[in-house]
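Colleague: Below are the sequence and a predicted model for it; my questions follow.
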Amino acid sequence: MVDYLSNLWNRLQSGSQLRLSAVDRDALKQRYPDRAAEIDAFFETLEQAAAQSAAEVAAAAMPGMDSSNDATLPPRQQPAAPAAVDEDAATLPPVQSSDPADEFATVIPINQDNDATLAPAKDATNLTSPSSAGSRVRYFGDYELLSEIARGGMGVVYKARQVNLNRVVALKMILAGNLASDEDVQRFRTEAEAAANLDHPGIVPIYEIGQHEGQHFFSMGYVDGCSLADRVRNGPLPPKEAAELTKKIAEAIAFAHSRNVIHRDLKPANVLLDQNGEPKVTDFGLARKTDNDSGMTRTGAVMGTPSYMPPEQAAGKTSEVGPLSDVYSLGAILYCLLTGRPPFQAANPIDTLMQVMEKEPVSVSTLNPEIQRDLETICHKCLQKESKKRYESAKALADDLGRWQRGEPIAARAVSTTERAWRWVKRNRMISGLITGTIAAILIGSVASLWFGLAARMAESKAKVSEAEARV
């Protein structure tokens, strides 16, 4: 126990990455109840030393001023309370440590000269938005972090203010921070670079791609609005609005395809609506450049959102995933806007994937009888299982939606009853085989019965003729 406290003291004095507030005092006392008084005394000594050190730093940085209560400057680091650890953890992911002294501590980078949660000293006078006394402003390089927008399996997105340009942006960084694998970093950069080359009003722009203290990030346009998923959460949209939104999204994706970029994860949640209701495609995390395939997506890997991915993607046939896969997803978005639900949804992702590959979606008009037949035909053409039967491009889809809006004849044709029956047979070979066998058996039995019946009649007639002749 004494060795542990001595080691801890030496690390704190040497400027190690260990933060005092991260050490769990209660856990130590529970493990060593007979040394509780000694542990309390040890931590009181540490807290006094930390307070004195902080006061000396503040006095040296701002002579003649008490900066602890200055609301115009980002607060300087004070002796941290335990709750402050979680706040930092959201900005800088913990770094693993093998030191035995970390048994009761979380190790977090706290290089005060470059702390991502503190404004650089040289920029302190450039801040235009004052903070309340005693509050703490979090910084990541040149970005002031305002609030967390979203968090996923790979990254976290913040609403942030870029200090040098005084503009609000969305800042995305890898969730794993310095612990990110090479594949994670490559995928992250692929997303940023794919979107950075797409200058289109229907695609969220990328401003900066960089790295700060080993953590990769990129900043992009901040869309002050909601997602398309939020918009449709309360029910289907009016048909004209649904068609108009899908048309604009299709035009943006057609532009991406012209720049050799396939999105591969189109869904309502990845389309943002600004304050004017204009759609902006975002999240190119699964995007692939057709002119420079990195090979990161292995054959057989299923990536994306099951309810909106095409059959070839659901089956892991990555070599078949291309621009027409995005056309399918555009149709799935239109389906959702018209019906309030995706084409396929089940209790779990595996069952959903099986539906995508094996079943036909319920017709749009069945779920929403107000939908016109031509708009339903456009939607279902996108959702064809075979990619060659879909629209030949996202632009062709946008053009057909435009024809529908203008009241002109559409290029797509409705699926005939015969073709629908043939598709059912192809999907249900065993059942159709049993039905065919049963029908064949019935036909053969009927023909045999008819034959024997005719033969019996002919024999009877012949017998009667012979009997008549004998009488004569």
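Modeller: Right, received. Where do you want to start? Numbers count the residues shown, from 1 in each chain.
Colleague: Strands of the chain, start to end?
Modeller: Applying DSSP state E to the chain gives strands spanning 138-140, 143-151, 155-162, 167-174, 206-212, 215-221, 226-227, 261-262, 271-273, 279-281, 288-289.
Colleague: Could you single out the most deeply buried of those?
Modeller: Mean neighbour count (mean count of other C-beta atoms under 10 Å) peaks for strand 279-281 among the strands of the chain, with a mean of 25. C-betas here are computed from N, CA, C, even on glycine.
Colleague: Who are the packing partners of that strand?
Modeller: If you count contacts as 3 or more C-beta pairs under 8 Å, 6 or more residues apart in numbering; DSSP states H and E, strand 279-281 packs onto helix 239-258, strand 271-273.
Colleague: hang on, the earlier thing: redo the strands of the chain as a markdown table? Include distance to Ala394 and mean pLDDT.
Modeller: Listed next are those as a markdown table, based on distance: least, C-beta to C-beta, whole Å; pLDDT from 0 to 100:
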| stretch | distance to Ala394 | mean pLDDT |
| --- | --- | --- |
| strand 138-140 | 36 | 91 |
| strand 143-151 | 26 | 93 |
| strand 155-162 | 26 | 94 |
| strand 167-174 | 25 | 95 |
| strand 206-212 | 21 | 93 |
| strand 215-221 | 22 | 94 |
| strand 226-227 | 20 | 94 |
| strand 261-262 | 10 | 95 |
| strand 271-273 | 14 | 97 |
| strand 279-281 | 11 | 97 |
| strand 288-289 | 15 | 88 |
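Colleague: thought Lys172 was touching Gly155?
Modeller: Yes - using C-beta atoms under 8 Å, Lys172 is in contact with Gly155, at 5.2 Å.
Colleague: related to what we said a few turns ago, of the helices and strands packed on strand 279-281, give the one that comes closest to Arg406.
Modeller: Within these, the stretch nearest Arg406 is helix 239-258; the backing value is 11.0 Å (C-beta to C-beta).
Colleague: which residues touch that closest one?
Modeller: Under the criterion C-beta atoms under 8 Å, 6 or more residues apart in numbering, residues 198, 200-203, 228, 236-237, 262-263, 266, 271, 278-281, 323, 326, 330, 333-334, 337-338, 370-372, 375, 393-395, 397-398, 401-402, 404-405 lie in contact with helix 239-258.
Colleague: For Arg167, give me its contacts.
Modeller: By C-beta under 8 Å, 6+ apart, the residues touching Arg167 are Arg161.
Colleague: can you check Arg413 too?
Modeller: Thr377 are the contacts of Arg413 under C-beta under 8 Å, 6+ apart.
Colleague: pLDDT at it, what is it?
Modeller: pLDDT recorded at Arg413 is 87.
Colleague: One more: Ser131?
Modeller: pLDDT, Ser131: 36.
Colleague: that older thread, include distance to Lys29 when you put the helices and strands packed on strand 279-281 into TSV, please.
Modeller: Shown next, in TSV, are those (distance: least, C-beta to C-beta, whole Å):
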stretch	distance to Lys29
helix 239-258	58
strand 271-273	50
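Colleague: do you know which of these lies nearest Ala150?
Modeller: Evaluated with C-beta to C-beta, the helices and strands packed on strand 279-281 place strand 271-273 nearest to Ala150, the distance being 10.8 Å.
Colleague: Does Asp184 touch Asn178 like I think?
Modeller: No - with contact defined as C-beta under 8 Å, Asp184 does not count as touching Asn178 (11.3 Å).
Colleague: shared neighbours of these two, anything?
Modeller: With C-beta under 8 Å, 6+ apart, Asp184 and Asn178 have no common neighbours.
Colleague: quick one on the thing from earlier: so of the contacts of helix 239-258, which ones are in helices?
Modeller: 228, 323, 326, 330, 333-334, 337-338, 375, 394-395, 397-398, 401-402, 404-405 (DSSP state H).
Colleague: quick one: contacts for Val261?
Modeller: By C-beta under 8 Å, 6+ apart, the residues touching Val261 are 194, 197-198, 284, 287-290.
Colleague: go with 10 Å
Modeller: By C-beta atoms under 10 Å, 6 or more residues apart in numbering, the contact list for Val261 reads 193-195, 197-198, 203, 253, 255, 284, 287-291, 323, 326.
Colleague: Just give me the least confident of these.
Modeller: The minimum pLDDT among the contacts of Val261 falls on Asp291, with 75.
Colleague: how many neighbours does it have?
Modeller: 7 (other C-beta atoms under 10 Å).
Colleague: Enumerate every residue touching it.
Modeller: Neighbour list for Asp291: 259-261 [criterion: C-beta under 10 Å, 6+ apart].
Colleague: Dump those residues into JSON lines; add distance to Ala347 as well.
Modeller: Below are the contacts of Asp291 laid out as JSON lines (distance: C-beta to C-beta, whole Å):
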{"residue": "Arg259", "distance to Ala347": "39"}
{"residue": "Asn260", "distance to Ala347": "38"}
{"residue": "Val261", "distance to Ala347": "34"}
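Colleague: from the residues you listed, which single one is nearest Thr305?
Modeller: Thr305 has its nearest neighbour among the contacts of Asp291 in Val261, at 18.2 Å by C-beta to C-beta.
Colleague: now that closest one, which residues is it bridged with?
Modeller: Beta bridges link Val261 to Lys289, judged by DSSP bridges.
Colleague: cool, and the one 10 residues further on?
Modeller: Each beta-bridge partner of Val271 is listed here, defined by DSSP bridges: Val281.
Colleague: Surely it and Gly202 touch.
Modeller: Yes - under the criterion of C-beta atoms under 10 Å, Val271 makes contact with Gly202 at 9.1 Å.
Colleague: Please identify every residue contacting each of those two.
Modeller: Overlap of the contact sets of Val271 and Gly202 (by C-beta under 10 Å, 6+ apart) consists of 248-249, 252, 279-281.
Colleague: Nearest to Ala468, out of those: which one, please.
Modeller: Ile249 (87.3 Å).
Colleague: what's around the closest one, how many residues?
Modeller: Using other C-beta under 10 Å, Ile249 has 28 other residues around it.
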